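Student: sequence plus predicted model, see below.
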There are 2 protein chains.
Amino acid sequence: MKTEYPPSEVDHMRLALREAARGQPTAAPNPPVGCVLVRGGEVVGSGFHVRAGEPHAEVLALRAAGEQARGATAYVTLEPCAHTGRTPPCADALIAAGVARVVVAALDPDPRVAGQGVARLRAAGVDVTVGVLEDEATRQQAGFRMRVTAGRPWVAYKYAMTLDGRVAAQGEGRGAVTSAPAWARVMAWRAEADAVAVGSGTVLADDPRLTVRGPEDGAAGGHDPRPVVFDRSGRVPPTARALRPGSVLITAPGTDARPYEERGVTVLRVGSLPGALRALGDLGLNTLLLEGGPTLATAFFAAGLVDEVRALVAPKVLGAGLPPLALAPRPMAQAHELSDLQIEVLGPDLLVSGLVRPVPRLAAAGGM
Amino acid sequence: MKTEYPPSEVDHMRLALREAARGQPTAAPNPPVGCVLVRGGEVVGSGFHVRAGEPHAEVLALRAAGEQARGATAYVTLEPCAHTGRTPPCADALIAAGVARVVVAALDPDPRVAGQGVARLRAAGVDVTVGVLEDEATRQQAGFRMRVTAGRPWVAYKYAMTLDGRVAAQGEGRGAVTSAPAWARVMAWRAEADAVAVGSGTVLADDPRLTVRGPEDGAAGGHDPRPVVFDRSGRVPPTARALRPGSVLITAPGTDARPYEERGVTVLRVGSLPGALRALGDLGLNTLLLEGGPTLATAFFAAGLVDEVRALVAPKVLGAGLPPLALAPRPMAQAHELSDLQIEVLGPDLLVSGLVRPVPRLAAAGGM
């Protein structure tokens, strides 16, 4: 079967990024990576990394291409690895298959790779280009990049607010602010997140399941993120719907863990929010979708632990209720400017998302 | 000179609306109205109403067309008048000029017209169509429509907030929240508004001029709106920059008006916000751009006196400060849904505007 002909290098890399996205829900603690092999302008193989312990994207693409890999160009969203982990180095596999050229979107910040994959390829005579669609790739790999450089997951704070900045009425649960298309987008975020965090207030008010559901409540999705419940004082009952085998409870050192552990919940007893986030990193979680109410989000933000903001804005005015964040007073000039802004219309609502801090990246050495 | 050929009725009416917009800054207490005369598919005349006492749009278009008006179709954004005000009825002028057909965007809610213009044209054998681009026309005429039906100006609340819903830092003046393109839009709104309202808090904190200025502060604009300062207790000094000849001060019945009146300020001493709005309607003001801080806006909203919301949203997060409105607590289900939503990107910022209530309109009788 003839694959469609992508007219340019950027298009080939875009294909590789699309491949990588397929592994997003399951790749952690590894990064999502996609690879496309092109020979004579034709895609001869592609692959993406599904989960840790299984083959890397490059290996799957090489397998698909077979003999056609010889002399081909490989488009990889992340620098091929140079170390033996659970699988042998991909740089060696590309060299062995006779690939003539490798186009890399972004270098791997993992200290075990960090430019050595590219160096190994070049030493073997392979032509290497770095930086095609680098921004898109680093953003896709934000979770992995944060974990390997800072030891914690990438945190995206999602909130739905009215046009006058209210995420909930005072004393109310987190009633629907936005519409069905916005809800569907939240489900898509959950499906690609490694974990979803809420505070005890949200659990006690709404008892959410935090699963991926279709428009009809209860319809099963593909991948459910791990629920992470922040509950310093052990207020949340072990029977809460978010607490099930695989869930994580973050609580204070003094809390009795047994009632939760008996239900298969991982209990992390930590003294601080940064400590909690490092513990989540140690669990291999790359991305955390922060769906908690303003109290939890404010604690995250105050600790410098929100990396990205995803604001769903509903075209209505409430005039009272809770704001998305309640930090200590500061002048307007000290507001956090968001970068890499994305704006989208979702039915009647708006989605405005942006980065609070840049995704960690490894600067390419001169000549790359 | 040959005018460009508009391919359809809608395009002719759009031209008429564009004409009408040219009169927006100065037409009050009259509505902005535009008229385009078309014969044989060619525009043979056009006009717009500049100010009260001067000719109506239809008369200017007829003058421009001269003999070519005979047998032409007139596109008028508002029903031609049937009564003698400061000028004779436009319906009669169209009939006398031999216009064959009149296409009207929207009927005139002024009780002196209210369908009688159309009736008079039809009685004279003129073919009349009503409703082409009616929504656009009624929105353009919102101020006039509110004043002639409710006796008060149409109120648009403009605010600039961060993505977490803060219009100002606590205790700070109204420092720049949004960017230069958003500021330019506010200037355009001022240029077409009859009046701009602020509260005493804004005047005391920022001492704004409330004029139309270019990017270089101080550059003169075309039309300045009348500043309206709401100051119940007479806190604002008569030397405030917003108080100049033509400005309006709304204050309590007990306030000493003389220091303000000596500067040419119109002082309205009223006991309630609805009373103040009616007094502004009596001054012939059709549109009021509410630029006040959250205290004044909350009072307007609580009294049901905000008709439109124009929210400029900056992609930054402050985490503290004042929300755009602070009403009494109410459940999320009772939020005011906005209609006729418009979303626009202004540089790095977003503009989300919508109507709190529909523009008053006169339903066309059957067959129109």
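Tutor: In hand now; what should we look at?
Student: every contact and neighbour count from this point should use C-alpha atoms.
Tutor: OK.
Student: now do the same contact list for the closest residue to residue A:133 other than its chain neighbours.
Tutor: Leaving aside its chain neighbours, residue A:133 sits nearest to residue A:105 (5.6 Å; criterion: C-alpha to C-alpha, 6 or more residues apart in numbering or on different chains). Listed by C-alpha atoms under 8 Å, 6 or more residues apart in numbering or on different chains, the contact set of residue A:105 reads A:13, A:75-79, A:130-134, A:137.
Student: would you mind measuring from the residue nearest to the spatial centre of chain A to chain B?
Tutor: Per C-alpha atoms, centre = their mean, the C-alpha nearest to the average position across chain A is that of residue A:287, at 4.0 Å. Using C-alpha to the nearest C-alpha, to the nearest Å, residue A:287 is found at 21 Å from chain B.
Student: near chain B, which residues of the stretch 251-368 of chain A?
Tutor: A:298, A:311, A:315-321, A:323-332, A:334-338, A:341, A:352, A:354 (C-alpha under 8 Å from any C-alpha of the partner chain).
Student: among these, which lie within strands?
Tutor: Among these, the residues falling in strands (DSSP state E) are A:311, A:316-317, A:336-337, A:341, A:352, A:354.
Student: ranking those by neighbours, who comes first?
Tutor: Using other C-alpha atoms under 10 Å in any protein chain shown as the neighbour criterion, residue A:316 leads these with 26 neighbours.
Student: buried ones among the residues of the stretch 251-368 of chain A next to chain B?
Tutor: Burial by neighbour count, judged by 16 or more other C-alpha atoms under 10 Å in any protein chain shown, picks out A:298, A:311, A:315-321, A:323-327, A:330-332, A:335-338, A:352, A:354 from those.
Student: can you list the low-confidence ranges for the stretch 151-300 of chain A?
Tutor: Within the stretch 151-300 of chain A, the stretches with pLDDT under 70 are A:173-175, A:214-222.
Student: show me where it has strands.
Tutor: With strands called from DSSP state E, counting those that start in this stretch, the stretch 151-300 of chain A shows them at A:154-162, A:195-199, A:226-230, A:248-251, A:266-269, A:287-290.
Student: before we move on, back to that, how about the ones in strands among the residues of the stretch 251-368 of chain A next to chain B in JSON lines, adding distance to residue A:31 and pLDDT?
Tutor: Output for these, formatted as JSON lines (distance: C-alpha to C-alpha, whole Å; pLDDT from 0 to 100):
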{"residue": "A:311", "distance to residue A:31": "25", "pLDDT": "97"}
{"residue": "A:316", "distance to residue A:31": "39", "pLDDT": "96"}
{"residue": "A:317", "distance to residue A:31": "41", "pLDDT": "96"}
{"residue": "A:336", "distance to residue A:31": "28", "pLDDT": "95"}
{"residue": "A:337", "distance to residue A:31": "27", "pLDDT": "95"}
{"residue": "A:341", "distance to residue A:31": "23", "pLDDT": "94"}
{"residue": "A:352", "distance to residue A:31": "25", "pLDDT": "96"}
{"residue": "A:354", "distance to residue A:31": "21", "pLDDT": "97"}
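Student: is the residue nearest to the centre of chain A in a bridge, and if so with what?
Tutor: residue A:154 (DSSP bridges).
Student: my guess is it contacts residue A:190. True?
Tutor: No: counting by C-alpha atoms under 8 Å, residue A:287 stays clear of residue A:190, with 10.1 Å between them.
Student: roughly how far apart are residue A:51 and chain B?
Tutor: 35 Å.
Student: tell me the spacing between the residue nearest to the centre of chain A and residue A:70.
Tutor: 36 Å (C-alpha to C-alpha, to the nearest Å).
Student: quick check, the residue in the stretch 51-200 of chain A closest to chain B?
Tutor: Nearest residue of the stretch 51-200 of chain A to chain B (C-alpha to the nearest C-alpha) works out as residue A:165 at 3.9 Å.
Student: count of neighbours near that residue?
Tutor: 30.
Student: and the residue nearest to it when sequence neighbours are not counted, what does it touch?
Tutor: Sequence neighbours aside, residue B:165 is the residue nearest to residue A:165 in space, at 3.9 Å (criterion: C-alpha to C-alpha, 6+ apart). With contacts defined as C-alpha under 8 Å, 6+ apart, the neighbours of residue B:165 are A:163-166, A:323-324, B:323-324.
Student: let's go with 10 Å and repeat that
Tutor: A:161-167, A:323-325, B:313-314, B:316-325 (C-alpha atoms under 10 Å, 6 or more residues apart in numbering or on different chains).
Student: repeat that for residue A:252.
Tutor: Residue A:252 neighbours (C-alpha under 10 Å, 6+ apart): A:230-234, A:267-272, A:276.
Student: over to residue A:234?
Tutor: By C-alpha under 10 Å, 6+ apart, the residues touching residue A:234 are A:200, A:249-252, A:254-257, A:260.
Student: just the buried members of the residues you listed?
Tutor: Neighbour counting by 16+ other C-alpha under 10 Å classes A:200, A:249-252, A:255, A:257, A:260 among the contacts of residue A:234 as buried.
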